[in-house]
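>>> Below are the sequence and a predicted model for it; my questions follow.
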Amino acid sequence: MGNRSAWEAASQKYVNEHEELLDQARDSSSLVACELELLGPLLASTPNVVHLQSGHGLDDIALVAAGARSVVGVDFSSVATKAAQRRADELGVHCRYVVAELPGAPLRDGCADLVYTGKGALIWLPDLNVWAADVARLLTSGGHLFVHEAHPMVPLWAWDEDVPRIRPDRGYFERSHVNDTFPANGAVEWQATLAEIITAVLGAGLELRHVAEHPEPFYRWGDLDAAAWRGQLPNTFTLLARKP
Ligand SMILES: C[S@@+](CC[C@H](N)C(=O)[O-])C[C@H]1O[C@@H](n2cnc3c(N)ncnc32)[C@H](O)[C@@H]1O
(Lines give C-alpha, C1' and ligand atoms only; values in the text may rest on other atoms or scores of the structure.)
Protein backbone atom coordinates (compact mmCIF):
# COMPACT_ATOMS: atom_id res chain seq x y z
CA MET A 1 0.00 0.00 0.00
CA GLY A 2 1.37 3.49 -0.80
CA ASN A 3 1.75 6.15 1.88
CA ARG A 4 -1.31 8.11 0.75
CA SER A 5 -3.68 5.15 0.76
CA ALA A 6 -2.22 3.99 4.10
CA TRP A 7 -3.07 7.41 5.55
CA GLU A 8 -6.54 7.48 3.98
CA ALA A 9 -7.29 4.14 5.64
CA ALA A 10 -5.69 5.08 9.00
CA SER A 11 -7.46 8.47 9.12
CA GLN A 12 -10.82 6.69 9.26
CA LYS A 13 -9.99 6.52 12.99
CA TYR A 14 -10.70 10.29 13.16
CA VAL A 15 -14.16 9.73 11.64
CA ASN A 16 -14.94 6.82 13.97
CA GLU A 17 -13.75 8.80 17.02
CA HIS A 18 -15.55 12.03 16.08
CA GLU A 19 -17.27 12.55 19.45
CA GLU A 20 -14.12 11.85 21.53
CA LEU A 21 -12.03 14.14 19.34
CA LEU A 22 -14.71 16.83 19.53
CA ASP A 23 -14.48 16.68 23.33
CA GLN A 24 -10.68 16.88 23.17
CA ALA A 25 -10.91 19.80 20.72
CA ARG A 26 -13.26 21.66 23.12
CA ASP A 27 -10.45 21.50 25.74
CA SER A 28 -8.03 23.11 23.23
CA SER A 29 -5.19 21.51 25.18
CA SER A 30 -3.29 19.68 22.44
CA LEU A 31 -0.39 22.16 22.37
CA VAL A 32 2.21 21.09 24.93
CA ALA A 33 4.32 23.34 27.18
CA CYS A 34 7.39 23.49 24.91
CA GLU A 35 5.11 24.54 22.04
CA LEU A 36 3.19 27.18 23.99
CA GLU A 37 6.40 28.72 25.31
CA LEU A 38 7.71 29.36 21.77
CA LEU A 39 4.36 30.00 20.09
CA GLY A 40 2.97 32.34 22.78
CA PRO A 41 4.74 35.51 21.58
CA LEU A 42 3.96 34.68 17.92
CA LEU A 43 0.27 33.98 18.57
CA ALA A 44 -0.01 37.29 20.45
CA SER A 45 0.08 39.03 17.05
CA THR A 46 -2.98 37.02 15.80
CA PRO A 47 -1.20 35.36 12.88
CA ASN A 48 -2.71 33.61 9.88
CA VAL A 49 -1.40 30.08 10.29
CA VAL A 50 -0.79 27.36 7.70
CA HIS A 51 -0.58 23.87 9.24
CA LEU A 52 1.24 21.52 6.87
CA GLN A 53 0.17 17.85 7.25
CA SER A 54 -2.64 18.84 9.55
CA GLY A 55 -3.89 15.30 10.27
CA HIS A 56 -6.67 15.18 12.88
CA GLY A 57 -6.50 18.98 13.24
CA LEU A 58 -6.80 19.15 17.03
CA ASP A 59 -3.81 21.49 17.09
CA ASP A 60 -5.65 23.89 14.77
CA ILE A 61 -8.48 24.40 17.25
CA ALA A 62 -5.85 24.94 19.98
CA LEU A 63 -3.91 27.42 17.82
CA VAL A 64 -7.04 29.54 17.30
CA ALA A 65 -7.89 29.31 21.01
CA ALA A 66 -4.35 30.54 21.77
CA GLY A 67 -4.60 33.55 19.45
CA ALA A 68 -4.33 32.60 15.74
CA ARG A 69 -6.69 34.57 13.49
CA SER A 70 -7.18 31.57 11.20
CA VAL A 71 -5.66 28.21 10.36
CA VAL A 72 -5.47 26.60 6.93
CA GLY A 73 -4.65 22.91 7.25
CA VAL A 74 -3.14 21.05 4.30
CA ASP A 75 -3.03 17.26 4.17
CA PHE A 76 -3.21 14.65 1.41
CA SER A 77 -5.81 12.60 3.29
CA SER A 78 -9.31 13.63 2.23
CA VAL A 79 -10.66 11.54 5.12
CA ALA A 80 -8.55 13.44 7.70
CA THR A 81 -9.28 16.89 6.24
CA LYS A 82 -13.02 16.19 6.06
CA ALA A 83 -13.08 15.00 9.68
CA ALA A 84 -11.07 18.05 10.79
CA GLN A 85 -13.35 20.44 8.85
CA ARG A 86 -16.47 18.89 10.37
CA ARG A 87 -15.02 19.29 13.87
CA ALA A 88 -13.95 22.91 13.32
CA ASP A 89 -17.35 23.78 11.80
CA GLU A 90 -19.24 22.20 14.70
CA LEU A 91 -17.16 24.26 17.12
CA GLY A 92 -17.41 27.42 15.00
CA VAL A 93 -13.63 27.77 14.79
CA HIS A 94 -11.98 29.59 11.88
CA CYS A 95 -10.14 26.64 10.26
CA ARG A 96 -10.21 25.64 6.61
CA TYR A 97 -8.80 22.43 5.15
CA VAL A 98 -7.24 21.76 1.75
CA VAL A 99 -6.49 18.33 0.32
CA ALA A 100 -3.07 18.35 -1.37
CA GLU A 101 0.12 16.36 -1.66
CA LEU A 102 3.06 18.18 -0.07
CA PRO A 103 5.41 19.81 -0.72
CA GLY A 104 3.71 22.16 -3.18
CA ALA A 105 0.82 23.51 -1.10
CA PRO A 106 -1.81 25.06 -3.42
CA LEU A 107 -1.77 28.30 -1.42
CA ARG A 108 -0.53 31.72 -2.49
CA ASP A 109 3.02 32.92 -1.82
CA GLY A 110 3.38 34.85 1.45
CA CYS A 111 -0.04 33.81 2.82
CA ALA A 112 1.28 32.61 6.20
CA ASP A 113 2.52 34.57 9.19
CA LEU A 114 3.23 31.21 10.81
CA VAL A 115 3.77 27.76 9.31
CA TYR A 116 3.13 25.11 11.97
CA THR A 117 4.01 21.46 11.45
CA GLY A 118 5.27 18.28 13.11
CA LYS A 119 4.12 15.47 15.43
CA GLY A 120 4.88 12.83 12.84
CA ALA A 121 4.93 14.96 9.69
CA LEU A 122 8.49 15.27 8.34
CA ILE A 123 9.07 11.50 8.23
CA TRP A 124 6.65 11.26 5.29
CA LEU A 125 8.64 13.64 3.08
CA PRO A 126 11.56 12.23 1.07
CA ASP A 127 13.15 15.61 0.24
CA LEU A 128 13.26 18.18 3.04
CA ASN A 129 15.07 20.72 0.85
CA VAL A 130 11.97 20.91 -1.38
CA TRP A 131 9.73 21.03 1.73
CA ALA A 132 11.75 23.90 3.26
CA ALA A 133 11.64 25.88 0.00
CA ASP A 134 7.83 25.48 -0.04
CA VAL A 135 7.63 26.67 3.59
CA ALA A 136 9.74 29.73 2.73
CA ARG A 137 7.47 30.49 -0.24
CA LEU A 138 4.35 30.32 1.95
CA LEU A 139 5.76 32.62 4.64
CA THR A 140 5.36 36.36 4.57
CA SER A 141 8.51 38.39 5.27
CA GLY A 142 9.03 38.29 9.06
CA GLY A 143 6.89 35.14 9.31
CA HIS A 144 7.97 32.05 11.26
CA LEU A 145 8.27 28.31 10.75
CA PHE A 146 7.56 26.28 13.90
CA VAL A 147 8.29 22.55 14.07
CA HIS A 148 7.64 20.20 17.00
CA GLU A 149 8.69 16.81 15.73
CA ALA A 150 9.89 13.35 16.65
CA HIS A 151 13.65 13.37 17.14
CA PRO A 152 15.46 11.67 14.21
CA MET A 153 16.91 9.17 16.73
CA VAL A 154 13.41 7.86 17.57
CA PRO A 155 13.32 5.14 14.88
CA LEU A 156 16.26 3.56 16.72
CA TRP A 157 14.57 3.30 20.13
CA ALA A 158 13.10 -0.08 21.07
CA TRP A 159 10.07 0.16 23.36
CA ASP A 160 11.25 -2.30 26.03
CA GLU A 161 9.95 -1.32 29.45
CA ASP A 162 12.99 -2.52 31.46
CA VAL A 163 15.95 -0.65 29.93
CA PRO A 164 16.38 1.58 26.86
CA ARG A 165 17.65 -0.37 23.84
CA ILE A 166 18.66 0.42 20.28
CA ARG A 167 16.92 -1.57 17.56
CA PRO A 168 19.55 -3.57 15.66
CA ASP A 169 17.49 -3.30 12.44
CA ARG A 170 17.66 0.51 12.31
CA GLY A 171 20.40 3.07 11.63
CA TYR A 172 20.58 6.83 12.21
CA PHE A 173 22.09 7.37 8.75
CA GLU A 174 19.62 5.16 6.84
CA ARG A 175 17.39 6.96 4.33
CA SER A 176 14.15 5.11 5.07
CA HIS A 177 12.45 2.19 6.80
CA VAL A 178 9.02 0.59 6.69
CA ASN A 179 6.67 1.97 9.33
CA ASP A 180 5.57 -0.70 11.82
CA THR A 181 3.26 1.32 14.08
CA PHE A 182 0.75 3.85 12.65
CA PRO A 183 -0.40 3.95 9.82
CA ALA A 184 1.67 0.76 9.03
CA ASN A 185 0.39 -1.16 5.96
CA GLY A 186 3.84 -0.87 4.38
CA ALA A 187 4.03 2.93 4.57
CA VAL A 188 7.60 4.16 4.09
CA GLU A 189 9.08 6.57 6.65
CA TRP A 190 11.92 8.75 5.42
CA GLN A 191 14.84 9.53 7.68
CA ALA A 192 16.83 12.76 7.93
CA THR A 193 19.40 13.56 10.57
CA LEU A 194 18.92 16.61 12.80
CA ALA A 195 21.79 18.27 10.90
CA GLU A 196 20.05 17.60 7.57
CA ILE A 197 16.77 19.08 8.84
CA ILE A 198 18.51 22.24 10.08
CA THR A 199 20.56 22.50 6.87
CA ALA A 200 17.35 22.27 4.78
CA VAL A 201 15.77 25.13 6.76
CA LEU A 202 18.88 27.30 6.45
CA GLY A 203 19.21 26.41 2.75
CA ALA A 204 15.72 27.83 2.13
CA GLY A 205 16.96 31.19 3.39
CA LEU A 206 15.28 31.06 6.81
CA GLU A 207 17.06 32.32 9.94
CA LEU A 208 17.28 29.79 12.75
CA ARG A 209 15.90 31.28 15.99
CA HIS A 210 15.71 28.21 18.21
CA VAL A 211 16.40 24.51 18.17
CA ALA A 212 16.10 22.24 21.24
CA GLU A 213 15.96 18.50 21.91
CA HIS A 214 13.47 17.14 24.46
CA PRO A 215 13.18 13.84 26.34
CA GLU A 216 9.35 13.69 26.12
CA PRO A 217 7.75 11.90 23.17
CA PHE A 218 4.91 13.78 21.44
CA TYR A 219 2.73 10.66 21.64
CA ARG A 220 2.53 7.62 23.95
CA TRP A 221 1.01 4.36 22.83
CA GLY A 222 -1.76 3.27 25.20
CA ASP A 223 -0.44 2.01 28.55
CA LEU A 224 3.08 1.45 27.26
CA ASP A 225 5.80 2.91 29.49
CA ALA A 226 8.91 2.50 27.34
CA ALA A 227 12.23 2.97 29.12
CA ALA A 228 13.31 5.12 26.15
CA TRP A 229 10.70 7.72 27.22
CA ARG A 230 11.90 8.12 30.82
CA GLY A 231 14.27 11.03 30.30
CA GLN A 232 17.63 9.59 29.23
CA LEU A 233 17.12 9.92 25.49
CA PRO A 234 15.92 12.56 23.03
CA ASN A 235 12.40 11.89 21.72
CA THR A 236 11.34 15.22 20.22
CA PHE A 237 12.82 18.52 19.06
CA THR A 238 11.45 22.01 18.56
CA LEU A 239 12.66 24.39 15.88
CA LEU A 240 11.76 27.99 15.18
CA ALA A 241 12.98 29.85 12.10
CA ARG A 242 12.15 33.27 10.64
CA LYS A 243 11.89 34.44 7.06
CA PRO A 244 13.94 37.66 6.77
C1 LIG B 1 1.22 11.48 12.01
S2 LIG B 1 0.15 12.54 11.10
C3 LIG B 1 0.59 14.01 11.92
C4 LIG B 1 -0.28 15.13 11.53
C5 LIG B 1 -0.69 16.10 12.60
N6 LIG B 1 0.43 16.85 13.09
C7 LIG B 1 -1.41 15.38 13.70
O8 LIG B 1 -0.94 15.43 14.85
O9 LIG B 1 -2.46 14.80 13.44
C10 LIG B 1 0.91 12.71 9.49
C11 LIG B 1 -0.03 13.37 8.48
O12 LIG B 1 0.74 13.66 7.30
C13 LIG B 1 -0.08 13.45 6.18
N14 LIG B 1 0.83 13.28 5.05
C15 LIG B 1 1.80 12.36 4.92
N16 LIG B 1 2.50 12.56 3.78
C17 LIG B 1 1.94 13.64 3.18
C18 LIG B 1 2.22 14.35 1.97
N19 LIG B 1 3.23 14.00 1.18
N20 LIG B 1 1.45 15.41 1.65
C21 LIG B 1 0.43 15.79 2.47
N22 LIG B 1 0.10 15.17 3.62
C23 LIG B 1 0.87 14.10 3.99
C24 LIG B 1 -0.92 12.23 6.54
O25 LIG B 1 -2.11 12.16 5.81
C26 LIG B 1 -1.17 12.47 8.02
O27 LIG B 1 -2.39 13.14 8.24
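Looks like it arrived, so ask away.
>>> near the ligand, which residues of this protein?
When proximity is defined by Cβ under 6 Å from any ligand atom, the chain lies next to the ligand at 3, 7, 53-56, 75-77, 80, 101-102, 118-121, 124-125. Just so you know, the C-beta spots here come from the backbone N, C-alpha and C atoms, and that holds for glycine as well.
>>> For ChimeraX, write the select line for the buried members of these.
Burial among the residues of the chain next to the ligand is assessed by 16 or more other Cβ atoms under 10 Å; the matching ChimeraX selection reads:
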select :3,7,53,54,55,56,75,76,77,80,102,118,119,120,121,124,125
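>>> Kindly provide the distance from Val71 to Gly55.
Distance, Val71 to Gly55, by Cβ to Cβ, to the nearest Å: 13 Å.
>>> Skipping adjacent residues, who's closest to Gln191 in space?
Distances taken as Cβ to Cβ, 6 or more residues apart in numbering put Glu174 closest to Gln191, at 5.4 Å, once the chain neighbours are dropped.
>>> For that neighbour, give its distance to the ligand.
From Glu174 across to the ligand, the span is 19 Å (Cβ to the nearest ligand atom, to the nearest Å).
>>> In this structure that residue contacts Ala192, no?
No: using Cβ atoms under 8 Å, Glu174 is not in contact with Ala192, being 10.4 Å away.
>>> So for those two, which residue has more residues nearby?
Shown here are Glu174 and Ala192; by other Cβ atoms under 10 Å, Ala192 has more neighbours (20 against 13).
>>> how about the more buried one, secondary structure?
Counting by DSSP: H, G, I helix; E, B strand; the rest coil, the backbone at Ala192 sits in coil.
>>> Contact partners for it?
122, 128, 152, 200 (Cβ atoms under 8 Å, 6 or more residues apart in numbering).
>>> Filter the residues you listed down to just the ones in helices.
If you go by DSSP state H, these have 128, 200 in helices.
>>> Nearest to the ligand among the contacts of Ala192?
In terms of Cβ to the nearest ligand atom, no member of those lies closer to the ligand than Leu122, at 9.3 Å.
>>> Might one say that the closest one is in contact with Leu145?
No: look at Leu122 against Leu145 with Cβ under 8 Å: they stay out of range, at 11.7 Å.
>>> So the two - more neighbours on which side?
More crowded of Leu122 and Leu145, by other Cβ under 10 Å: Leu145, with 26 against 22.
>>> So the more buried one sits against Asp113, correct?
No: Leu145 lies out of contact with Asp113 (Cβ under 8 Å); the separation is 10.9 Å.
>>> Touching both of these two, which residues are there?
Counting by Cβ under 8 Å, 6+ apart, the residues touching both Leu145 and Asp113 are Leu139.
>>> what about stretch 104-112, start to end distance?
Between the opening and closing residues of stretch 104-112 there is a gap of 14 Å (Cα to Cα, to the nearest Å).
>>> can you give me how far it is from the chain middle?
The chain centroid and the centroid of stretch 104-112 are separated by 18 Å under Cα atoms, centre = their mean, to the nearest Å.
>>> what sits up against that stretch?
Residues outside stretch 104-112 that contact it (Cβ under 8 Å, 6+ apart): 47-50, 52, 72, 74, 98, 100, 134, 137-141, 143.
>>> What's the mean pLDDT across that stretch?
The average pLDDT for stretch 104-112 rounds to 98.
>>> Report the buried residues of it.
For stretch 104-112, by 16+ other Cβ under 10 Å, it's 105, 107, 111-112.
>>> okay if I get the residues you listed as TSV plus secondary structure?
Formatted as TSV, these follow (three-state DSSP):
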residue	secondary structure
Ala105	coil
Leu107	coil
Cys111	coil
Ala112	strand
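>>> Export those residues as JSON lines, with columns for distance to Arg209.
Listed next are the buried residues of stretch 104-112 as JSON lines, based on distance: Cβ to Cβ, whole Å:
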{"residue": "Ala105", "distance to Arg209": "22"}
{"residue": "Leu107", "distance to Arg209": "23"}
{"residue": "Cys111", "distance to Arg209": "21"}
{"residue": "Ala112", "distance to Arg209": "16"}
